[in-house]
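1. Sequence first, predicted coordinates after that:
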Amino acid sequence: MSAETVAAIKASFPRVTDRPSLDHPAFNAPADDVPEILRALRDGHSFDFLADVTAIDWAQGANPRFTVVYHLFSTVTHEYLRVAADCPPGAEPEVPSVTALWPGANWHEREVYDMFGIRFSGHPDLRRILMWDGYPHFPLRKEFPLAGIEAPLADADVVSETGVSAKPAPMAGGPFVASSGEMNLTEAEPRAKDESWTERREKPGAD
Amino acid sequence: MVTANTELSYNSKIEGEVVVSRADAVINWVRSNSMWPMPMGLACCAIELMAVASSRFDIARFGAEVMRFSPRQSDVMIVSGTVTYKMATALRRIYDQMAEPKWVIAMGACASTGGMYRSYAVLQGVDRIVPVDVYVSGCPPRPEALIDALVKLQDKVKRERSARGLFST
């Protein structure tokens, strides 16, 4: 069923290309065609549920730098489908919004904008959704450190009274990440990878 | 008939029951036994906070049963949960709206130190933005631990010099 859907989409949208996938059928689509492709999938192929909109940051300097990923679900056949769209290169990546197709895409796209800085043209209300208005960074971009970058808080009154700003978090030997692979769960627990430095003792070799 | 008035002390049979005390002790007694919490429930610690307020643990026994969702009517803010930077400014504003005297309990690892969230989004301890009186360890703390914190806070309030400045002009 999904294979037929992909074949039909490829027939009507010649710029669609195959995308390797381990689980669900997937294909690459040019960003300009995404609203039309998703409309065809929703209206013609029963992929009527937009499960997720997310994005990938490949790396600084990579081409393409960002890929927006749509996960569709069919409530009729109970199948998933993945559509990936590379953002056009440029300082401000931008893809068309699909809020006209699914109102639920609104907050998904706001989250992608908040975390990656990808703009969605045609979005009715493209504001940050997790970080506060005026936050100068996009935290899930590759160049953004997990600990964060110092940034002013939103409320000027509170800032002038307390002098508090968003500061880099002390990683203290972290990041605290789980290990994957063939090991028991106790060893795979999230823990500090490097115990040789703390908040008070600088990381050796760090500049 | 006239008799010599030989009573040197206060006669409670005539004037009624009177207890002599210090202003500090009276004020602190009143304050510490009716500390109305401002439930700043931000994460899973708030579930334990609800348990503390409910029948099994019942902080009404310590005079703190009246959870006030208005900062104007509350005395002690219980910060229970992860304080993100986005929430921190709102938290500080709510703290500023509370009437004096006011106290803060940082409940759990996240409110005390940021906990496991070493992250760009999380305030690394609520004491960076409001003054904290009692810290409670745990992730989340047991309800008994929060009751202990409340009792410790009561002890702290009872040691305060509340009447200082009360009678000066």
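-> Done, it's in.
2. and the helix or strand that residue A:95 is a member of, how far out from the chain's middle?
-> Element membership of residue A:95 [criterion: DSSP states H and E] is strand A:94-96. In terms of CA atoms, centre = their mean, to the nearest Å, the centre of strand A:94-96 is set 14 Å apart from its chain centre.
3. again, but for stretch B:68-79
-> Here stretch B:68-79 is found 9 Å from its chain centre; the criterion is CA atoms, centre = their mean.
4. Check stretch B:117-128 too.
-> 23 Å.
5. Find the centremost residue of the chain, please.
-> Since no chain was named, I'll use chain A. Nearest to the geometric centre of chain A sits residue A:55, at 3.1 Å (CA atoms, centre = their mean).
6. now check stretch A:88-107, is it near chain B?
-> No. Judged by CB under 8 Å from any CB of the partner chain, stretch A:88-107 makes no contact with chain B; its nearest approach is 15.7 Å. For the C-beta atoms, the positions are set from N, CA and C on the backbone; glycine is no exception.
7. contacting residues around the residue lying closest to residue A:73 once chain neighbours are set aside?
-> Residue nearest to residue A:73 in three dimensions, not counting chain neighbours: residue A:49, with 4.2 Å by CB to CB, 6 or more residues apart in numbering or on different chains. With contact set as CB atoms under 8 Å, 6 or more residues apart in numbering or on different chains, residue A:49 has these partners: A:72-75.
8. among those residues, which are in strands?
-> When these are checked against strands (DSSP state E), the matches are A:72-73.
9. So which residues of chain A form helices?
-> Here chain A has its helices, by DSSP state H, at A:2-12, A:34-44, A:105-116, A:156-162, A:185-188.
10. and those, which is most packed in?
-> helix A:105-116 (a mean of 21; mean count of other CB atoms under 10 Å in any protein chain shown).
11. Can you name every helix or strand that that helix contacts?
-> On a contact count with 3 or more CB pairs under 8 Å, 6 or more residues apart in numbering or on different chains; DSSP states H and E, helix A:105-116 meets strand A:49-57, strand A:119-121.
12. Quickly run through the sheet partners of the shortest one, with directions.
-> This means strand A:119-121. strand A:94-96 (parallel) (DSSP bridges).
13. just how off-centre is the longest helix anywhere in chain B within its chain?
-> Criterion DSSP H: the longest helix present in chain B is helix B:143-158. Between the centre of helix B:143-158 and the centre of its chain there are 8 Å (CA atoms, centre = their mean).
14. Let's see it as PDB, backbone CA atoms only.
-> Extracted C-alpha coordinates of helix B:143-158, given in PDB (Å, rounded to 0.1, in the frame of the first residue of the first chain):
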ATOM      1  CA  PRO B 143       6.300  14.000  51.600                       C
ATOM      2  CA  GLU B 144       7.800  13.500  55.100                       C
ATOM      3  CA  ALA B 145      10.900  15.500  53.800                       C
ATOM      4  CA  LEU B 146       8.700  18.400  52.900                       C
ATOM      5  CA  ILE B 147       6.900  18.300  56.300                       C
ATOM      6  CA  ASP B 148      10.400  18.300  57.900                       C
ATOM      7  CA  ALA B 149      11.300  21.400  55.800                       C
ATOM      8  CA  LEU B 150       8.100  23.100  56.900                       C
ATOM      9  CA  VAL B 151       8.900  22.300  60.600                       C
ATOM     10  CA  LYS B 152      12.400  23.600  60.100                       C
ATOM     11  CA  LEU B 153      11.100  26.700  58.600                       C
ATOM     12  CA  GLN B 154       8.800  27.200  61.500                       C
ATOM     13  CA  ASP B 155      11.800  26.800  63.800                       C
ATOM     14  CA  LYS B 156      13.600  29.400  61.800                       C
ATOM     15  CA  VAL B 157      10.600  31.800  62.000                       C
ATOM     16  CA  LYS B 158      10.400  31.300  65.700                       C
END
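15. what's that helix in contact with?
-> B:25, B:28-29, B:31-33, B:35, B:48-49, B:51-52, B:56-57, B:59, B:62, B:64, B:76, B:78, B:103, B:105, B:107, B:133-138, B:141.
16. Recalculate using a threshold of 6 Å.
-> With contact meaning CB atoms under 6 Å, 6 or more residues apart in numbering or on different chains, helix B:143-158 is reached by B:28, B:31-32, B:48, B:51-52, B:57, B:62, B:64, B:103, B:105, B:107, B:133-134, B:136, B:138.
17. Of those, which is the most crowded?
-> Tallying neighbours with other CB atoms under 10 Å in any protein chain shown puts residue B:107 at the head of the contacts of helix B:143-158, with 32 neighbours.
18. okay, the residue nearest to that one when sequence neighbours are not counted: pLDDT?
-> Counting by CB to CB, 6+ apart, residue B:80 is the residue found nearest to residue B:107 once chain neighbours are left out, at 4.2 Å. The model reports residue B:80 with a pLDDT of 94.
19. Please name the residues that touch residue 10.
-> Let's take chain A. If a contact means CB under 6 Å, 6+ apart, then residue A:10 has residue A:16 as its contacts.
20. picking up where we left off before, so what's the residue nearest to residue B:107 bridging to?
-> When assigned by DSSP bridges, residue B:80 has beta-bridge partners residue B:41, residue B:107.
21. pretty sure residue B:43 is touching residue B:80, no?
-> No. Between residue B:43 and residue B:80 there is no contact under CB atoms under 6 Å: 7.3 Å.
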